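Novice: What follows is a predicted protein model with its sequence.
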Amino acid sequence: MVIPAPINTALRAAAMLLLVVAIAACSRSATDNVGLTGVGNTGAGAPGSQQEFIVTVGDRVFFETDSSSLTTEAMATLDKQAQWLNQYANYRIMIEGHADERGTREYNIALGARRASVVVNYLVSRGVNAQRITSQSFGKERPVAICNDISCWSQNRRAVTVVQ
């Protein structure tokens, strides 16, 4: 089916307008959030909120290729996570282990499980109650970046702490 040029142009213009409106609705300034927590919010969320955890503490750590060893930077992030989780003991967490796209599905599931396990063990060693923690490996099945390049692979080699 061929769409006449004037209609095709109008449809493209409408789609572009819809895209611009959607992007504008998603991009809010810090002053747009005044009143959500009772004070001017800079995007960090209310103290003890999941948003605060993600923004101010950090919800993920990254690994080197084919490794489940924690880097110095990862340990610093996990120390902050443990401090926050010990302060807000009402939350349960899930540690998600992930891998980049290289390697077989089975290998990457096992690698993601090792990454999740090392994070769980580290948090427990820092005083987080093991009963509050579950873990799951997604291997290479849930990439955050998709390309055949180190820039994407490095973002996908991660463990994510999901506050529940």
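Specialist: Received, thanks.
Novice: only C-alpha atoms for contact and neighbour calcs from this point on.
Specialist: Fine.
Novice: Could you report the distance from residue 149 to residue 53?
Specialist: When distance is defined by Cα to Cα, to the nearest Å, residue 149 is 30 Å away from residue 53.
Novice: now the helices for the chain?
Specialist: For the chain, the helices identified by DSSP state H occupy 5-26, 50-52, 72-87, 105-125, 150-156, in order along the chain.
Novice: So for the third one, what gets flagged as buried?
Specialist: Looking back up the chat, that one is helix 72-87. By neighbour count on 16 or more other Cα atoms under 10 Å, the buried set for helix 72-87 is 74-75, 77-86.
Novice: That one vs helix 105-125, what angle?
Specialist: For helix 72-87 against helix 105-125, the angle between stretch directions is 60 degrees (axes from the mean of the first three to the mean of the last three Cα atoms, to 10 degrees).
Novice: so what secondary structure elements neighbour helix 72-87?
Specialist: Using 3 or more Cα pairs under 8 Å, 6 or more residues apart in numbering; DSSP states H and E as the contact criterion, the neighbours of helix 72-87 among helices and strands are strand 60-62, helix 105-125.
Novice: now the last one
Specialist: The criterion is 3+ Cα pairs under 8 Å, 6+ apart, and the helices and strands that helix 150-156 contacts are strand 60-62.
Novice: for the protein, what helix or strand is lowest in average pLDDT?
Specialist: Within the chain, judged by mean pLDDT, DSSP states H and E, the helix or strand with the poorest mean is helix 5-26; its value is a mean of 55.
Novice: returning to that earlier point: between the helices and strands packed on helix 72-87, which one is nearest to residue 145?
Specialist: Nearest to residue 145 among the helices and strands packed on helix 72-87 is strand 60-62 (13.4 Å), distances taken as Cα to Cα.
Novice: Nearest approach to residue 155 belongs to which of the helices and strands packed on helix 72-87?
Specialist: Residue 155 lies closest, by Cα to Cα, to one member of the helices and strands packed on helix 72-87: strand 60-62, at 7.2 Å.
Novice: where does this protein dip in pLDDT?
Specialist: Along the chain, the model assigns pLDDT under 70 to residues 1-42.
Novice: Need the contact partners of stretch 148-157.
Specialist: Under the contact criterion Cα atoms under 8 Å, 6 or more residues apart in numbering, stretch 148-157 has outside partners 62-65, 98-101, 140, 143-147.
Novice: quick one, what contacts residue 70?
Specialist: With contacts defined as Cα under 8 Å, 6+ apart, residue 70 is in contact with 63, 118.
Novice: May I have the phi/psi pair for it?
Specialist: Phi and psi for residue 70, reported as degrees, to the nearest 10, are phi -80, psi 130.
Novice: give me every residue that touches residue 74.
Specialist: Taking Cα under 8 Å, 6+ apart, we find residue 74 in contact with 61-62.
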